[in-house]
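*Asks:* For reference, the sequence and a predicted model appear below.
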Amino acid sequence: MQSMKSSKRAFLIMACVMTMPAFCGSFQTPKQLVDEFNQRLQTGVEVSDQLWFGEKTLPLPPGKWVVVAGDAETTNTTIQGGGTLYDSGAYASVSLIQWNPEHTTVSERLSFAGQITPAKGSGWYDKSALCKPLKYSSVFKQDIRNNWEDKQDCSATYIDTLRADEADASRFAKKEAAGYQQLGVPLPLIFIVHGTFMSKYMNAMSIHYGLNMDAASDKPKELAYWSDMDWNNKSLDDGQQAFVGKVTSLGDVLRTQLKTAIGF
């Protein structure tokens, strides 16, 4: 009998390793991962090289990154006909910054959002706004590579303004604004951002990499206010094109790394 139990246990372990190695390696429930995420990634924490993102490990660009805000919560799956499967997964968002060499202002911003547990169920994620045709004046370039219901891969380079108080801000946006205040960083901040959204069924992640042009040493001298430009109606000069291209290329490097993180 003992031998049969041992054989059964060994079989289960082998099946676990072959089917869901990330989950089997940690044996943490979604609630435990949420608690650990919220404990680890608090405002002011410094990270470098890679970011612990629940059951994913995300590579970071060079340098020290400071957590502005992190927030995680368990997710529920609705059953057709009523009821829910509680704690069916966990979703998290985190925002990080780098300082300029003088440590006087923010030079770069990086944010991740997505599942921190293995995605469950046979459904798929809601379509991202980045996977829809964007016609806003702040959008420089959009790239839609996959836009199926069950598999999406899209990106856009655009201007993003972080503000202190916005009535319709999400819970995480409000927490991020409070994090900037705690770090002594005045808002608003205007970034040129390369955003990427990728999903494979319910396993979805987004990454947004941005440069603060006011803190960039290679900002085109002719450029005054990026936020006042209508990029759809005004051609960028060579210096502006190069600066925006730099943001896009750095964001695409992270996009390639993100593909591995979600098994795209």
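*Replies:* Yep, it's here.
*Asks:* CA only for contacts and neighbour counts going forward, please
*Replies:* Will do.
*Asks:* how about the helix or strand hosting F140: buried residues?
*Replies:* In the assignment (DSSP states H and E), F140 maps to strand 139-147. Across strand 139-147, burial judged by 16 or more other CA atoms under 10 Å covers V139, F140, K141, Q142, I144, N147.
*Asks:* helices and strands around the helix or strand that comes right after it, which ones?
*Replies:* Later in the chain than strand 139-147, the nearest helix or strand by DSSP H and E is strand 151-162. Here strand 151-162 touches strand 139-147, strand 189-200, helix 238-262, going by 3 or more CA pairs under 8 Å, 6 or more residues apart in numbering; DSSP states H and E.
*Asks:* Return the most buried member of the ones you listed.
*Replies:* strand 189-200 (a mean of 25; mean count of other CA atoms under 10 Å).
*Asks:* between whatever helix or strand comes next after it and helix 238-262, how many degrees?
*Replies:* Tracing the chain past strand 189-200, the next element assigned as helix or strand by DSSP H and E is strand 203-212. Calculated by axes from the mean of the first three to the mean of the last three CA atoms, to 10 degrees, strand 203-212 forms an angle of 150 degrees with helix 238-262.
*Asks:* Packing partners of strand 203-212?
*Replies:* strand 106-115, strand 189-200, helix 238-262.
*Asks:* Just checking the distance from the last one to the centre of its chain.
*Replies:* The one in question is helix 238-262. 14 Å (CA atoms, centre = their mean, to the nearest Å).
*Asks:* Direction-wise, compare that helix with strand 139-147 and give the angle.
*Replies:* Using the same axes, to 10 degrees: helix 238-262 against strand 139-147 is 30 degrees.
*Asks:* ditto for the second one
*Replies:* Strand 189-200 runs at 10 degrees relative to strand 139-147, counting by the same axes, to 10 degrees.
*Asks:* Run through the protein and note the low-pLDDT ranges.
*Replies:* 1-27, 76-88, 119-124, 167, 218-235 (pLDDT under 70).
*Asks:* At the geometric centre of it, which residue do we find?
*Replies:* F112 (1.6 Å; CA atoms, centre = their mean).
*Asks:* what residues are up against the nearest residue to that residue once chain neighbours are set aside?
*Replies:* With CA to CA, 6 or more residues apart in numbering as the criterion, F112 has its nearest non-adjacent residue at 4.7 Å, and that residue is I207. Counting by CA atoms under 8 Å, 6 or more residues apart in numbering, I207 makes contact with L110, S111, F112, A113, G195, T196, F197, L254, R255.
*Asks:* Take these and write them to TSV, including distance to D168.
*Replies:* Output for the contacts of I207, formatted as TSV (distance: CA to CA, whole Å):
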residue	distance to D168
L110	22
S111	20
F112	21
A113	19
G195	21
T196	23
F197	22
L254	29
R255	28
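*Asks:* From the chain's centre, how far out is the helix or strand hosting G63? Work that out for me.
*Replies:* Assigned by DSSP H and E, G63 belongs to strand 56-78. The chain centroid and the centroid of strand 56-78 are separated by 7 Å under CA atoms, centre = their mean.
*Asks:* try stretch 39-55
*Replies:* That offset, for stretch 39-55, works out to 13 Å (CA atoms, centre = their mean).
*Asks:* how long is that stretch end to end?
*Replies:* 15 Å (CA to CA, to the nearest Å).
*Asks:* same thing with stretch 94-110?
*Replies:* 8 Å.
*Asks:* Ok, stretch 92-109 next?
*Replies:* 17 Å.
*Asks:* now what about it, what contacts it?
*Replies:* By CA under 8 Å, 6+ apart, the list of residues contacting stretch 92-109 reads 34, 41, 63-73, 110-116, 172, 176, 185, 208-213, 215-216.
*Asks:* out of the residues you listed, which are buried?
*Replies:* Counted by 16+ other CA under 10 Å, these give 34, 41, 65-73, 110-116, 172, 176, 185, 208-213, 215 as buried.
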